[in-house]
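Trainee: Turn this into a structure:
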Amino acid sequence: MKTPLVKVIFASLIGTAVEWYDFFLYGSAAALVFGTLFFPTSEPATGTLLAFGTYALGFVARPLGGIVFGHFGDRVGRKKMLVVSLMMMGLATIAIGLLPTYGTIGVAAPILLLVCRLAQGFAVGGEWGGAVLMAAEHGDDSRRGFWSSWPQAGVALGNLLATAVLWVLAAVQSEEAFNAWGWRIPFLLSAVLVMVGLWVRLSVEESPLFLAARSAMPARHQPLLEVVRRYPREVLLAMGMRLAENIAYYLFTVISITYLTTFAGTSADRGMILSALVIGSVVQFFVIPLVGALSDRVGRRPLYLAGAVGVAIWSFVFFGLIGSRSEGWIIVAVVVGLLLHALMYAPQAAFFSELFGTSVRYTGASVGYQLASIFAGALAPIIALRLLGDTDNPNTTAVAIYMTVASVLTIAAVLAARETARTSLTHDRVPPTPSTTNDDHLPAPSPSNDDQLPAAP
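Mentor: Next comes the predicted model:
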């Protein structure tokens with residue numbers, strides 16, 4: 001019996017929210033406490049920078065996770081890989097909550113923290129591609145942007161959960177209690193969320209498009225090699241489109257915490273920025289599906305372009321509003337930034353899914369998405385901190401220029417891509433085998449993914 005589409009979307013949403021709750025929690029904790037707990041011998045700004053170094057290494061593991069999970073996701077199925085990635089992420093996050101700090105076991109503490117972070121990165125590298133494909137491949141062509149945007153909303157929900165838990169703890173605990181043991185609570189709560197996510201995901205059927213395409217796949221199907229040989233342009237376009245989106249997100253979330261608490265204010269302002277992030281995440285969660293639905297009507301490219309231009313402009317305003325230390329202006333800075341980010345992030349799942357054929361879609365979408373994360377999300381906090389420079393006189397203009405350069409690269413990638421809205425996902429570029437000819441090895445609707453996509457408006 002076919003799983004109802006709404007149940008598939010719910011499973012993708014909840015599972016993605018749980019995985020990204022775990023992943024974002026690390027970033028927030030790195031900004032708030034990991035510098036002093038795991039790198040206490042350094043100056044505050046240097047300790048935070050080292051904490052972000054371990055944070056960045058999680059992104060380095062993501063492409064490897066995307067390749068491994070994509071390989072098996074394109075061979076044995078999307079559902080199984082989503083279950084494995086969720087379990088791996090949950091175990092790594094719970095382990096972080098149980099880790100002894102530098103004061104207890106010395107240098108072994110940051111090493112163990114790094115191992116857990118690498119496991120998180122590997123797991124989340126396989127999560128995104130499978131979650132969006134389950135939504136995209138169960139849905140219909142005319143509303144794919146809307147249905148595929150729900151896993152993207154799950155990312156906002158995950159950040160909301162992580163930030164909300166930290167915000168509550170910051171409100172009810174003293175700074176001493178939070179630094180001593182309170183920071184562990186959000187990581188340990190992951191156990192409950194993972195169990196809920198597993199229960200939901202195990203009840204969903206495999207992607208019907210994958211099941212239909214699996215019988216036609218070669219016996220020695222090598223998804224990564226086929227992506228490299230047949231979809232190199234699509235991978236590069238996905239990476240380019242990802243740059244501004246990914247950097248902007250970490251600029252408006254993780255960097256905003258560090259900037260207010262380290263550069264523009266004091267640790268007492270921690271609750272202020274966390275409350276702004278909670279509000280911004282709530283707004284973004286509801287806006288993403290609306291933008292996804294709009295992309296089905298006007299196309300993916302116009303919205304993506306508007307978002308890339310918008311975050312470049314807003315980055316010049318953002319730090320001034322954060323630095324005002326006015327709660328109202330801080331909320332405006334974060335909410336507007338996340339709304340502009342949503343213009344890119346909402347249509348991204350459908351856009352990337354439509355670039356690749358069914359037999360390599362998990363691998364292709366994951367590789368394009370996750371490779372860009374190394375150059376974008378992984379380095380964004382480190383580069384931003386280095387560009388800000390002196391805590392007494394931070395160079396916010398340099399960070400805004402950095403964001404603008406990334407936006408220009410994303411705009412170029414979007415302009416080079418074709419509009420993909422309302423196209424079929426049944427296309428593929430399957431290599432010929434000795435038993436087939438050039439006329440019969442390619443399924444409908446056309447022998448080329450590019451041929452079936454309409455010209456850009």
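
Trainee: Any figure for the gap between the closest residue to residue 163 other than its chain neighbours and residue 299?
Mentor: Using CB to CB, 6 or more residues apart in numbering and skipping the chain neighbours, the partner closest in space to residue 163 is residue 277 (4.5 Å). Glycine gets a C-beta too; all of them are placed from N, C-alpha and C. In this structure, residue 277 and residue 299 are 31 Å apart, going by CB to CB, to the nearest Å.

Trainee: if we can go back for a sec, how far is the helix or strand where the residue nearest to residue 163 lies from where the chain is centred?
Mentor: According to DSSP states H and E, residue 277 maps onto helix 270-298. Taking CA atoms, centre = their mean, to the nearest Å, one finds the center of helix 270-298 at 14 Å from the center of the full chain.

Trainee: for that helix, packing partners?
Mentor: In this structure, helix 270-298 packs against helix 144-172, helix 254-258, helix 300-323, helix 327-355, with contacts taken as 3 or more CB pairs under 8 Å, 6 or more residues apart in numbering; DSSP states H and E.

Trainee: ok so, going back, which residue of residue 277 and residue 299 possesses the greater neighbour count?
Mentor: When residue 277 and residue 299 are compared for neighbours, residue 277 comes out ahead with 29 against 20, by other CB atoms under 10 Å.

Trainee: Could you measure from that one over to residue 182?
Mentor: For residue 277 relative to residue 182 (CB to CB), the value is 18 Å.

Trainee: In contact with residue 366: list those residues for me.
Mentor: By CB atoms under 8 Å, 6 or more residues apart in numbering, the contact set of residue 366 is 65, 66, 67, 69, 70, 73, 125, 126, 128, 129.

Trainee: Give me the distance between residue 160 and residue 20.
Mentor: Here residue 160 is placed at a distance of 10 Å from residue 20 (CB to CB).

Trainee: Assign residue 424 to helix, strand or coil.
Mentor: Local secondary structure at residue 424 is given as coil here, using DSSP: H, G, I helix; E, B strand; the rest coil.

Trainee: Run a quick neighbour tally on it.
Mentor: Residue 424 has 14 neighbours, counted by other CB under 10 Å.

Trainee: Surely it touches residue 141?
Mentor: Yes: with contacts defined as CB atoms under 8 Å, residue 424 counts as touching residue 141 at a distance of 5.7 Å.

Trainee: Compute the distance between residue 135 and residue 63, please.
Mentor: Residue 135 sits 22 Å away from residue 63 when distances are taken as CB to CB.

Trainee: Looking at these two, which one has more neighbours?
Mentor: More crowded of residue 135 and residue 63, by other CB under 10 Å: residue 135, with 29 against 22.

Trainee: Tell me which helix or strand residue 19 sits in.
Mentor: With elements taken from DSSP H and E, the one containing residue 19 is helix 5-29.

Trainee: Now do that helix: distance to the chain's middle.
Mentor: In terms of CA atoms, centre = their mean, the gap separating the centre of helix 5-29 from the centre of its chain is 10 Å.

Trainee: send the alpha carbons of the following helix or strand past that helix over as CSV?
Mentor: Sequence-wise, the next helix or strand beyond helix 5-29 is helix 35-38, with elements assigned using DSSP H and E. The C-alpha trace of helix 35-38 is given here as CSV (Å, rounded to 0.1, in the frame of the first residue of the first chain):
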residue,chain,number,x,y,z
GLY,A,35,35.8,27.7,23.7
THR,A,36,36.2,28.0,27.5
LEU,A,37,35.3,24.3,28.3
PHE,A,38,37.5,22.5,25.7
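
Trainee: now helix 35-38, how far from the centre of its chain.
Mentor: From the chain centre to the centre of helix 35-38 is a distance of 25 Å (CA atoms, centre = their mean).

Trainee: so what does it touch, helix or strand wise?
Mentor: Packed against helix 35-38 by the contact rule (3+ CB pairs under 8 Å, 6+ apart) you find helix 44-75, helix 102-105, helix 108-138.

Trainee: Swap in 6 Å and give it another go.
Mentor: Helix 35-38 makes packing contacts with helix 44-75, helix 108-138 when contacts are defined by 3 or more CB pairs under 6 Å, 6 or more residues apart in numbering; DSSP states H and E.

Trainee: residues of the last one that come out buried?
Mentor: Along helix 108-138, the positions that meet the burial threshold by neighbour count (16 or more other CB atoms under 10 Å) are 109-110, 112-138.

Trainee: ok, which stretches of the stretch 351-457 of the chain are helices?
Mentor: Counting by DSSP state H, counting those that start in this stretch, the segments of the stretch 351-457 of the chain that form helices are 361-373, 380-388, 396-416, 449-452.

Trainee: Give the rounded mean pLDDT of the longest one.
Mentor: Helix 396-416 shows a mean pLDDT of 95.

Trainee: what about residue 168, distance to residue 235?
Mentor: When CB to CB is applied, the distance between residue 168 and residue 235 equals 41 Å.

Trainee: Tell me which of these two has more neighbours.
Mentor: Of the pair residue 168 and residue 235, residue 235 is the one with more neighbours under other CB under 10 Å, namely 22 against 16.

Trainee: Next one, pLDDT for the more buried one please.
Mentor: As summarised for this prediction, residue 235 has a pLDDT of 95.

Trainee: Where does it sit, in terms of helix or strand?
Mentor: Taking DSSP H and E as the definition, residue 235 sits inside helix 232-252.

Trainee: residues making contact with that helix?
Mentor: Contacts of helix 232-252 from elsewhere in the structure, counted by CB atoms under 6 Å, 6 or more residues apart in numbering, are 308, 311, 334, 337-338, 341, 344-345, 352, 355, 367-368, 371-372, 376-377, 380-381, 406-407, 409-410, 413-414, 417.

Trainee: contacting residues for residue 287?
Mentor: Listed by CB under 6 Å, 6+ apart, the contact set of residue 287 reads residue 342.

Trainee: Let's see that with 8 Å instead.
Mentor: Residue 287 sits in contact with 339, 342, 346, where contact means CB under 8 Å, 6+ apart.

Trainee: How about residue 136?
Mentor: Under the criterion of CB under 8 Å, 6+ apart, the contact partners of residue 136 comprise 144, 147, 148, 349, 350, 353, 425.

Trainee: Now list the buried members of those.
Mentor: When the contacts of residue 136 are checked for burial by 16+ other CB under 10 Å, the buried set is 144, 147, 148, 349, 350, 353, 425.

Trainee: Would you check that the fifth one makes contact with residue 294?
Mentor: To tie it back to what came earlier, the one meant is residue 350. No: with contacts defined as CB under 8 Å, residue 350 does not count as touching residue 294, sitting 11.8 Å away.
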